[in-house]
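>>> For reference, the sequence and a predicted model appear below.
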2 protein chains.
Amino acid sequence: MTDPKDRVAVIGIGQTKFGEQWDKSIRRITLTAAGACLADAGVGGVDIDGLYVSNTSTSSFIQQEHQAAMAADSGGLLPIASTEVEAACASGGVAVRHAYMAIKSGEHKVVMVIGCEKMSDISERAIADTLMSAADREWESQIGATFPALFALLARRHMMHYGTTEEQLAAVPVKAHANAVNNPNAQFRFKVSIDQVLRSALVADPLRVFHCAPISDGAAALILCRGDLAEKFRGEPVWINASTQASDTLALHSRPHLTTFRAVKHATKMAYDKAKVEPKDIDVLELHDSFSISEIMAVEDVGIVEKGKGGFAIEEGYTSMKGEKPVNPSGGLKAKGHPVGATGIAQIGELVEQLRHTAGPRQIEGAKTALALNLGGTGSTAVVHILSKE
Amino acid sequence: MTDPKDRVAVIGIGQTKFGEQWDKSIRRITLTAAGACLADAGVGGVDIDGLYVSNTSTSSFIQQEHQAAMAADSGGLLPIASTEVEAACASGGVAVRHAYMAIKSGEHKVVMVIGCEKMSDISERAIADTLMSAADREWESQIGATFPALFALLARRHMMHYGTTEEQLAAVPVKAHANAVNNPNAQFRFKVSIDQVLRSALVADPLRVFHCAPISDGAAALILCRGDLAEKFRGEPVWINASTQASDTLALHSRPHLTTFRAVKHATKMAYDKAKVEPKDIDVLELHDSFSISEIMAVEDVGIVEKGKGGFAIEEGYTSMKGEKPVNPSGGLKAKGHPVGATGIAQIGELVEQLRHTAGPRQIEGAKTALALNLGGTGSTAVVHILSKE
């Protein structure tokens, strides 16, 4: 057994409700999540010796960069070392990985990670254009491609190659919405039917509005510490057994195949090796479902379903709450909401609840080992975390 | 003596010329610096197992975020873990610190850090507004404050409190330009006189155009590795003995004093403690001189000159090439240029040359120990590195 002082534990989680928050500033939502997290961890601000902030494109969304200094300042944590990372929609996972490495390096002991995003304040056209700065501006965004359009290409290819159906794609948001009903922080707490999804407005064929994660405001926070310190605070540590990250081409056209996220496969393989587990050992997963096809490809690329069978598995309930491998009990990006910088952090927050067995009506019974996958761009960045109770 | 495998070495440096580069894309300048760095280090792309990219506001400057994935992709380094950090003008130093921690954590062995910025492509008004997203948008930028205006407040206060004169402020760019003549990568390779500075256009009283670092395009790169691996590559390691970071309030109005960068004092103190050296041991420094007053306050706050005496020390040549404590042999941000994300990395590149004793006409004789200070915002983020040959 590894010595606790050589391990990294998650000892606190905190989150705001995700959704439109017109009446709150980014400072306010950031502090709300941070405050909840400190209380949950039984940690005082004075105990925190490192801070990570994750968000994307804040110079466009709210004309405010230097979020790391702002969070340290408004959180009363000065003169703490505070760092902002950006990796498009994978920013949150990348921030958690850097908090993990900061502790493993011996430079820090107790680190807070905050992801926050305020996306509602600008026009929808400006949001779409800003989000597209995470794709290849010269080769994709410039000629009018949007993320729904790029993911629609992936979906069409998957359908052509593996026989994935529109009904299978629709099963993804149906499951997400069903799960989100039990998540008090979720943006959309209502069920939808296959029929409703199939009749919803077409965004980029075959993706309809119910296949696309929403625009959201919100924040999520975690506190990580060196393993031997966990008992000094809340205790009940949830262990990070692997934290891995990989990259793929920025533009889709440079890839040999469109039906696999290579970065996901690479990061997941490294994670299984480091954590010394296999897909069969994973009890619950939070996978990046920015679009329905992302989740179908993700269940395949993390190895819980054979390549090409992702749509079938979801349709058959294999990844439902009562299924063999429950995916996104939180409601996922689709129904929980997707405030970009907060997403990767909220995924791990959900898994911490699952491993503490405090997820209430969302609890996956007996969950001991969990996996989170956070993606950036069209899979250009992938971050994987494997967590466990022991 | 610490075991080399517990230390982190810089084994490669590379840089483009700084200045206006209308004919080159950000991909091109990034790859130019990276290629030079690989050649310098004797490292192949296949040896690199981690990548950090530092820049700021690219969603505004060039409408392209997700620079970490782009650099990994265009550099042929896939599926490498690639991370972008943002901390305003301190982004470069923060990226170096994270490469350092990534190696110390045991998660990585050989890491490249690239800083790049393409600032010339948008209008001057858009540049000014984008840069101001690193100050406090709600309380500073929104009401029309610019960075020259904020640093002018610091300068006026320093003049009032310590008797610093306009001639002393002018001595900063005079020294910077004199040093840059010997730097082939510098943006401005010509001398200026005190009289020229004092007669140059007023930007924000007392700061004139010659007191302000320019808008630049450019990139700089480093390769760091675990100490015991250095001899496998170029050898001639330059050791990182401390890498520290601290934060101060985002807005100036929240600080108790305007004549001290508290984050600098804090980060420097931690760095001296970790490296087990004192100011008297430092032979050469690269200090953040975005405005003349920044360098005057910095020489005081890093402890090589008594508080209040910074202007006098610079005027008397204490920090000149032949002085007791040479500061900015590279020409500093003022004359070498200031492509924001590249700055903190180029500072360390200069110090590596100084410690290798390969700086040619810029060489500080017998330099053994060096200190770099990189600042973000009005001192809201400070990063300090202490390097040595042994």
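Received it, and whenever you're ready, just let me know what you need.
>>> Which residues of the stretch 201-350 of chain A lie near chain B?
A:243-251, A:254, A:262-263, A:266-267 (C-beta under 8 Å from any C-beta of the partner chain). In this view, the C-beta of every residue, glycine as well, is placed from N, C-alpha and C.
>>> buried sites along stretch A:262-274?
Neighbour-count burial for stretch A:262-274, counted by 16 or more other C-beta atoms under 10 Å in any protein chain shown, picks out A:262-272.
>>> do stretch A:322-333 as well
Buried-residue list, stretch A:322-333, by 16+ other C-beta under 10 Å: A:325-333.
>>> can you redo these as TSV with secondary structure, distance to B:Met112 and pLDDT?
Listed next are the buried residues of stretch A:322-333 as TSV, based on DSSP: H, G, I helix; E, B strand; the rest coil; distance: C-beta to C-beta, whole Å; pLDDT from 0 to 100:
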residue	secondary structure	distance to B:Met112	pLDDT
A:Lys325	coil	37	98
A:Pro326	coil	39	98
A:Val327	strand	35	98
A:Asn328	coil	35	98
A:Pro329	coil	39	98
A:Ser330	coil	36	98
A:Gly331	coil	39	98
A:Gly332	helix	35	98
A:Leu333	helix	31	98
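>>> which two from those residues end up farthest apart in space?
For the buried residues of stretch A:322-333, the farthest-apart pair by C-beta to C-beta is A:Lys325 and A:Leu333; their separation is 18.2 Å.
>>> Find the nearest non-adjacent residue to the residue nearest the centre of chain A, please.
By C-alpha atoms, centre = their mean, chain A has its centre lying nearest to A:Gly344, at 2.9 Å. Leaving aside its chain neighbours, A:Gly344 sits nearest to A:Gly92 (2.5 Å; criterion: C-beta to C-beta, 6 or more residues apart in numbering or on different chains).
>>> do A:Met101 as well
A:Met101's closest residue in space is B:Ser105 (C-beta to C-beta, 6+ apart), at 4.0 Å.
>>> so that neighbour makes contact with A:His108?
No: applying C-beta atoms under 8 Å, one finds B:Ser105 not in contact with A:His108, separated by 10.3 Å.
>>> Now do the shared contacts for the two.
Between them, B:Ser105 and A:His108 have A:Ala102 as joint contacts when contacts are counted by C-beta atoms under 8 Å, 6 or more residues apart in numbering or on different chains.
>>> Now find how far off-centre stretch A:49-58 is within its chain.
Offset of stretch A:49-58 from its chain centre (C-alpha atoms, centre = their mean, to the nearest Å): 15 Å.
>>> hmm, I was thinking of stretch A:40-53
Counting by C-alpha atoms, centre = their mean, stretch A:40-53 comes out at 21 Å from the chain centroid.
>>> so what does the lowest-mean-pLDDT helix or strand in chain A touch, helix or strand wise?
None of the helices or strands of chain A scores lower by mean pLDDT, DSSP states H and E than helix A:58-61, at a mean of 74. On a contact count with 3 or more C-beta pairs under 8 Å, 6 or more residues apart in numbering or on different chains; DSSP states H and E, helix A:58-61 meets helix A:124-131, helix B:58-61.
>>> what's that helix in contact with?
So helix A:58-61 is in contact with A:26, A:64-65, A:67, A:117-119, A:121-122, A:126-127, A:130, A:133, B:56-57, B:59-60, B:130, B:133, going by C-beta under 8 Å, 6+ apart.
>>> Toward the C-terminus from that helix, list the very next helix or strand.
Downstream of helix A:58-61, the first helix or strand assigned by DSSP states H and E is helix A:67-74.
>>> can you give me the mean pLDDT across that following helix?
The average pLDDT within helix A:67-74 is 92.
>>> and A:Ser133, how many neighbours does it have?
Counted with other C-beta atoms under 10 Å in any protein chain shown, residues neighbouring A:Ser133 total 23.
>>> domains of chain A?
If you go by automatic domain parsing, the domain ranges for chain A are A:4-123+A:216-238, A:135-214+A:241-388.
>>> ranking the ones you listed by mean pLDDT, which is last?
Averaging pLDDT over each of those puts domain A:4-123+A:216-238 lowest, since it has a mean of 94.
>>> quick one, phi psi at the closest residue to A:Gln245 other than its chain neighbours?
Leaving aside its chain neighbours, A:Gln245 sits nearest to B:Ala81 (3.8 Å; criterion: C-beta to C-beta, 6+ apart). Main-chain dihedrals, B:Ala81, degrees, to the nearest 10: phi -70, psi 120.
>>> now the helices for the stretch 1-150 of chain A?
Secondary structure of the stretch 1-150 of chain A by DSSP state H, counting those that start in this stretch: the helices cover A:26-41, A:58-61, A:67-74, A:91-104, A:124-131, A:147-162.
>>> Output the contacting helices and strands for the third one.
Contacting helix A:67-74 under the criterion 3+ C-beta pairs under 8 Å, 6+ apart are the following elements: helix A:26-41, strand A:50-54, strand A:82-86, strand A:110-117, strand B:238-247.
>>> in the longest one, what's buried?
Which is helix A:26-41. A:26-34, A:36-38, A:40-41.
>>> just stretch A:193-209 next, same as before
So, applying 16+ other C-beta under 10 Å, buried residues of stretch A:193-209: A:194, A:197, A:200, A:203-204, A:206-208.
>>> returning to what we had before: would you mind putting the buried residues of stretch A:262-274 into CSV with secondary structure alongside?
Shown next, in CSV, are the buried residues of stretch A:262-274 (DSSP: H, G, I helix; E, B strand; the rest coil):
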residue, secondary structure
A:Arg262, helix
A:Ala263, helix
A:Val264, helix
A:Lys265, helix
A:His266, helix
A:Ala267, helix
A:Thr268, helix
A:Lys269, helix
A:Met270, helix
A:Ala271, helix
A:Tyr272, helix
